[in-house]
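**Q** Fold the following for me, if possible:
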Amino acid sequence: MKNTVCRGLLFLTVLIICGCEAGAPEAAPPGIPLIHPQASAIPLQNAIRITWDVSVEETLAGYRIYRNTTPETEDPQSIAEVSENDGYYEDSDAIIGVKYYYRISAFDDKGNESEKSDAVSYTLLEKPALVEPVDQAVVETAAPAFAWLGVPGASAYTISVYSRDDARDWEEVWRSEKTYPYQNLRRKYNDDNRAVKPLESGKSYRWRVDSSGGYASGSQSRWRYFLVISDQ
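**A** Residues are numbered from 1 along each chain as shown. This is a model prediction of the structure:
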């Protein structure tokens, strides 16, 4: 009798456990990543950078990046996966002049994948060629002139100049107002009174030119470096 009761209780326990597992809902997929409203070019290579807000979900395992050349959502190509700690991706396979549409999804450690984010689009333009000052130049004025060549498809350009003290990060000291293709592609430092500080003798600086073809197209030139030696 005792054995019969024990076997009955064991059978009932198994039924209860199985029933709970069978009726348990599957884990919900991660939330849809919030992609930022604009992609951008990067100066070190011909690439497009897209960013998004990193999720705080504990089960998150990573993000999947999709790319398409049309605005339609059907069958976008999965081009990469990044870890849950990354909030950006740099597409170094982008072809200049091609408009790309990017979407992001999140996936968890169970393989569940979220819906895809809204799309952001970007078209990479050619990088502006910098003319002067040449790389590693020594300039004898605190107001050097910057010159560059235009690129097809650009509707405006801006110059950025950065300084760095000791081992600290580079700090932007001047971002010029826009220069347009029909103007002379040459500007003197702070000719628009937008500089944070004047250039100092004995300090090294770096500069680049960003081109823009509108809200979602452009490029950034590579960096050039110069040293100021001036009594001004």
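
**Q** got the contact list for the spatially closest residue to residue 97 that is not a sequence neighbour?
**A** Leaving out its chain neighbours, the residue that sits closest to residue 97 by C-beta to C-beta, 6 or more residues apart in numbering is residue 123, at 6.7 Å. C-beta: built from backbone N, CA, C; applies to glycine. Counting by C-beta atoms under 8 Å, 6 or more residues apart in numbering, residue 123 touches 97, 98, 99, 100, 153, 213, 216, 217.

**Q** which one of these sits closest to residue 80?
**A** Nearest to residue 80 among the contacts of residue 123 is residue 100, at 13.0 Å by C-beta to C-beta.

**Q** how close does that closest one sit to residue 144?
**A** Distance, residue 100 to residue 144, using C-beta to C-beta, to the nearest Å: 36 Å.

**Q** What pLDDT is listed against residue 172?
**A** The score at residue 172 is 96. That number is its pLDDT.

**Q** More neighbours: residue 100 and residue 144, which one.
**A** Higher neighbour count among residue 100 and residue 144: residue 100, with 23 against 20, using other C-beta atoms under 10 Å.

**Q** what's the burial count for residue 158?
**A** Using other C-beta under 10 Å, residue 158 is surrounded by 19 other residues.

**Q** who's in contact with the residue nearest the centre of the chain?
**A** When C-alpha atoms, centre = their mean is applied to the chain, the residue found nearest the centroid is residue 49 (3.1 Å). Residue 49 makes contact with 39, 40, 41, 42, 88, 89, 90, 91 under the criterion C-beta under 8 Å, 6+ apart.

**Q** Look up which residues are beta-bridged to the third one.
**A** What that stands for is residue 41. Beta bridges link residue 41 to residue 48, judged by DSSP bridges.

**Q** which residues sit in contact with it?
**A** Contacts for residue 41 (C-beta under 8 Å, 6+ apart) come out as 47, 48, 49, 122, 124, 125, 210, 218, 219, 220.

**Q** Turn these into JSON lines, including distance to residue 200 and pLDDT.
**A** Shown next, in JSON lines, are these (distance: C-beta to C-beta, whole Å; pLDDT from 0 to 100):
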{"residue": "47", "distance to residue 200": "33", "pLDDT": "95"}
{"residue": "48", "distance to residue 200": "35", "pLDDT": "95"}
{"residue": "49", "distance to residue 200": "31", "pLDDT": "94"}
{"residue": "122", "distance to residue 200": "36", "pLDDT": "95"}
{"residue": "124", "distance to residue 200": "35", "pLDDT": "97"}
{"residue": "125", "distance to residue 200": "33", "pLDDT": "97"}
{"residue": "210", "distance to residue 200": "24", "pLDDT": "97"}
{"residue": "218", "distance to residue 200": "30", "pLDDT": "96"}
{"residue": "219", "distance to residue 200": "30", "pLDDT": "97"}
{"residue": "220", "distance to residue 200": "25", "pLDDT": "96"}
